[in-house]
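J.: below is the structure, and that's it, no one-letter string:
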């Protein structure tokens, strides 16, 4: 009796553990294949440019709006805290460091996961359930070369550009609130911003952006490529792409921050 009860308890745990290992192995193999096809010819420049426009240009409004309001709110929240210590001059430092190191790349990555990652999963998932991917193989076209590699390359290239623009817009949003709401001197605010920011702050943010772009494109294409079960499967793949990409972005942010700033 006790043995049967233990078996009933442990069987679901074992099945879940083995399913997790299977998923991790499938993702690892998919990642290796995707990276290899990004590095080995043939490469499709026209597809890469198309994806760069889709990922970069069309994502600029949502990333820009997120950045400007983040910079504004950051100034207001920081002012409440530092005014108690009579350290208002540190607001430009807090804003520019927070945006370039953390908030810029993380928020841009999360916005891209919601917009681009979901779109990739839905598009490729629809191609999977309607057997268009099988048709590509029939036409001697490698799906990894045609569908996966262009999206990975474009996301890696474009997210740092989006983050650089978002940093500028976010700092400008903080400048507007500081000057026109809190009566800061425009010249002093800009001078403190330039004096406080360092090269390592910008570089670390851009490295994070490239890593986050890879994660968003990888999880979007992976979820869509392995979708099953018609429309319901495509919906599940879209949800999985956004959730998994968001979690991996936050985990990668911690790891990269530790590599750059842990002494």
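T.: Here it is on my side, so go on. Here the structure is a predicted model, which is why all the values come from computation and not from measurement.
J.: so where does the closest residue to residue 142 other than its chain neighbours fall, helix or strand?
T.: Nearest non-adjacent residue to residue 142, counting by Cβ to Cβ, 6 or more residues apart in numbering: residue 37, 7.0 Å away. Where you see a C-beta, it was placed from the backbone N, CA and C, and this is true even at glycine. Assigned by DSSP states H and E, residue 37 belongs to helix 2-39.
J.: and that helix, how far out from the chain's middle?
T.: 24 Å (Cα atoms, centre = their mean, to the nearest Å).
J.: so which other helices or strands are in contact with the helix or strand where residue 217 lies?
T.: For residue 217, the host element (DSSP H and E) is helix 199-225. For helix 199-225, the packing partners by 3 or more Cβ pairs under 8 Å, 6 or more residues apart in numbering; DSSP states H and E come out as helix 2-39, helix 104-112, helix 118-129, helix 149-180, helix 230-261.
J.: rounded mean pLDDT for the first one, please.
T.: In this case it means helix 2-39. For helix 2-39, the mean per-residue pLDDT is 79.
J.: neighbours around the closest residue to residue 88 other than its chain neighbours, how many?
T.: Counting by Cβ to Cβ, 6+ apart, residue 88 lies nearest to residue 82, which is 5.8 Å off, once chain neighbours are set aside. Residue 82 sits with 16 neighbouring residues when counted by other Cβ atoms under 10 Å.
J.: how far away is residue 82 from residue 96?
T.: Residue 82 sits at a distance of 14 Å from residue 96 (criterion: Cβ to Cβ, to the nearest Å).
J.: where does the stretch 1-150 of the chain have low pLDDT?
T.: 1-4, 6, 87 (pLDDT under 70).
J.: now do the contacts for the residue positioned nearest the centre of the chain.
T.: Closest to where the C-alpha atoms of the chain average out (Cα atoms, centre = their mean) is residue 109, at 2.7 Å. By Cβ atoms under 8 Å, 6 or more residues apart in numbering, the contact list for residue 109 reads 159, 208, 209, 212, 213, 215, 216, 245, 249.
J.: out of these, which one sits closest to residue 129?
T.: residue 245 (20.9 Å; Cβ to Cβ).
J.: from what I can see the closest one touches residue 214, true?
T.: No - at 10.2 Å, residue 245 and residue 214 do not qualify as touching, with contact defined as Cβ atoms under 8 Å.
J.: between those two, which one's more packed in?
T.: Neighbour count, other Cβ under 10 Å: between residue 245 and residue 214, residue 245 has more, with 29 against 21.
J.: ok, now which ones touch that one?
T.: So residue 245 contacts 109, 113, 117, 215, 216, 218, 219, 220 (Cβ under 8 Å, 6+ apart).
J.: let me know the closest of those residues to residue 181.
T.: residue 109 (28.9 Å).
J.: on that earlier part again, out of the contacts of residue 109, grab the one that's most surrounded.
T.: Result: residue 216 is most packed of these (other Cβ under 10 Å), 35 neighbours.
J.: just checking, it touches residue 152?
T.: No - counting by Cβ under 8 Å, residue 216 does not reach residue 152; the two are 9.6 Å apart.
J.: picking that back up, I'd like to know which of the helices and strands packed on helix 199-225 is closest to residue 57.
T.: If we rank those by Cβ to Cβ, the stretch that ends up nearest is helix 149-180, at 8.5 Å.
J.: now the helix or strand following that closest one against helix 149-180, angle please.
T.: With elements assigned by DSSP H and E, the helix or strand that comes after helix 149-180 is helix 186-196. Counting by axes from the mean of the first three to the mean of the last three Cα atoms, to 10 degrees, helix 186-196 lies at 140 degrees to helix 149-180.
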